[in-house]
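J.: Provided below are the primary sequence and the corresponding predicted coordinates.
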Amino acid sequence: QVQLVESGGGLVQAGDSLRLSCAASGRTATTYVMGWFRQTPGKEREFVAGTGWGDDSVTSYTDSVKGRFTISTDITKSTVNLQMNSLKPEDTAIYYCAAGSRWPMANPFIDYWGQGTQVTVSS
């Protein structure tokens, strides 16, 4: 079993920055690829960013966040971070940390989800 606990969400203004963190625990946590998804009411949960533990060569972003968001891992602390800069109102969503067993990451191949953290960007 793997447990994922997110933190760092909140209410910010357009152009501001936020940093989300995900603490992963469980014996096999670092054997998964890790990522962030987001969801708004009435829409399917969508991929935002993904990476491997300590492996920057395995990193992917959805087009709408490229150049603004950065995903990183700290394997010594078993944390996955998402630095979000230049936030836009359309980034407003619940953000979920995810652990998957396949790459690229996609909803059907996610083995574990966090509980989600709300990010709200006002205009």
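T.: Nice, thanks for sending it over. Since the structure is predicted, the reported quantities are computational estimates derived from the model, not experimental observations. Numbering: from 1, shown residues only.

J.: now the most centrally placed residue in the chain, which residues is it bridged with?
T.: By C-alpha atoms, centre = their mean, the chain has its centre lying nearest to Trp36, at 2.1 Å. Assessed by DSSP bridges, Trp36 has beta-bridge partners Ala49, Cys97.

J.: Looks like it contacts Val48 (just checking).
T.: Yes. Trp36 is within contact range of Val48, at 4.5 Å (criterion: C-beta atoms under 8 Å). All C-beta spots, glycine's among them, are computed from the backbone N, C-alpha and C.

J.: Pull out the buried positions in the helix or strand hosting Thr70.
T.: Using DSSP states H and E, Thr70 maps to strand 69-74. Buried positions in strand 69-74, judged by neighbour count with 16 or more other C-beta atoms under 10 Å: 69-71, 73.

J.: shared neighbours of Trp36 and Val48, which are they?
T.: Contact with both Trp36 and Val48 is made by residues 82, 95, according to C-beta atoms under 8 Å, 6 or more residues apart in numbering.

J.: The helix or strand of the chain with the lowest mean pLDDT to strand 69-74, inter-axis angle?
T.: Scoring the helices and strands of the chain by mean pLDDT, DSSP states H and E places strand 55-61 at the bottom, with a mean of 83. Angle of strand 55-61 versus strand 69-74, following axes from the mean of the first three to the mean of the last three C-alpha atoms, to 10 degrees, is 150 degrees.

J.: Direction included, what does strand 55-61 pair up with?
T.: Going by DSSP bridges, the partners of strand 55-61 are strand 46-52 (antiparallel).

J.: Give me the residues contacting the partner strand.
T.: Strand 46-52 is contacted from outside by 33-39, 58-62, 65, 69-73, 80, 82, 95, 98, 100, 103-107, using C-beta under 8 Å, 6+ apart.

J.: gap between that strand and the chain center?
T.: The chain centroid and the centroid of strand 46-52 are separated by 6 Å under C-alpha atoms, centre = their mean, to the nearest Å.
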